[in-house]
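Student: Here is my input, please return the structure:
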Amino acid sequence: MSLPPLTLSAWLRYELVERMLQGLHGVHDVLEVGPGEGALGARLARSYAYVGVEPDPRSASIARQRLARVGSGTLVEGDLSALGPDARFDLVCAFEVIEHIEDDAGALGAWRDRLRPEGWLLLSTPSAAAFPRHRPGDWTRRSGQAVRSWRRPVRAAGSMGEPWLCGGSGWRRSPRHRPP
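Tutor: Next comes the predicted model:
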């Protein structure tokens, strides 16, 4: 079975994401927020009980087809409210998503609420260094900000410690989620 091709940014981070996931024990189910067309989700669905939530109907349709080819995983069109209110996951991930959301602290809080106790949150955002000819405002609101710049919205989201974050200063691992 051939997997769908990764976008350039997904290809650049996939090996690192895969290594990080190998270091997480007890992760059985994964929620990916904003999987786009589902190329990375198809890979995750091979190893985990995978659910993707995608607001764009066109992207959701493509992602759903890709998951069907893999033979596992679920794609939900909409936002988190499209999931049952009690749906919880061992891992919530959002790759290149949060920089598009105006209320980043609210999004982090909503994602935290979908974690099981001792769950993990894994995020990435583009690095401005990767796009030297663009100003951050040219493509998204927060693209390329260093990990340091995410501390305020993470704290505002509540007692989750800090998730793994990728920004201009690279990836770093942080403590496990602490339920409120």
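Student: mind listing the helices for the protein?
Tutor: If DSSP state H is used as the criterion, the helices of the chain fall at 8-22, 39-45, 57-70, 104-113, 136-139, 151-156.
Student: Tell me which of those is the most buried.
Tutor: The highest mean neighbour count among those, using mean count of other C-beta atoms under 10 Å, belongs to helix 39-45: a mean of 24. Glycine gets a C-beta too; all of them are placed from N, C-alpha and C.
Student: what pLDDT, on average, does that helix get?
Tutor: Averaging pLDDT along helix 39-45 yields 95.
Student: go on, stretch 3-10?
Tutor: On average, the pLDDT along stretch 3-10 is 83.
Student: circling back to that earlier point, between the helices of the chain, which one is nearest to residue 123?
Tutor: Taking C-beta to C-beta, helix 104-113 is the member of the helices of the chain nearest to residue 123, at 8.4 Å.
Student: From the contact counts, what lies against that closest one?
Tutor: Packed against helix 104-113 by the contact rule (3 or more C-beta pairs under 8 Å, 6 or more residues apart in numbering; DSSP states H and E) you find strand 89-95, strand 115-124, helix 151-156.
Student: Lowest average pLDDT across these?
Tutor: Among the helices and strands packed on helix 104-113, helix 151-156 scores lowest, with a mean of 53.
Student: could you dump the helices and strands packed on helix 104-113 to TSV with distance to residue 24?
Tutor: Below are the helices and strands packed on helix 104-113 laid out as TSV (distance: least, C-beta to C-beta, whole Å):
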stretch	distance to residue 24
strand 89-95	7
strand 115-124	6
helix 151-156	19
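Student: so which of these comes closest to residue 83?
Tutor: Closest of the helices and strands packed on helix 104-113 to residue 83 is strand 89-95, at 9.4 Å (criterion: C-beta to C-beta).
Student: could I get the closest one in CSV with only the CA atoms?
Tutor: Provided in CSV are the C-alpha atoms of strand 89-95 (Å, rounded to 0.1, in the frame of the first residue of the first chain):
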residue,chain,number,x,y,z
PHE,A,89,-7.6,11.1,23.4
ASP,A,90,-4.1,10.1,24.6
LEU,A,91,-2.6,12.5,22.1
VAL,A,92,-3.9,15.7,20.4
CYS,A,93,-1.8,17.1,17.6
ALA,A,94,-2.1,20.2,15.4
PHE,A,95,0.5,20.8,12.8
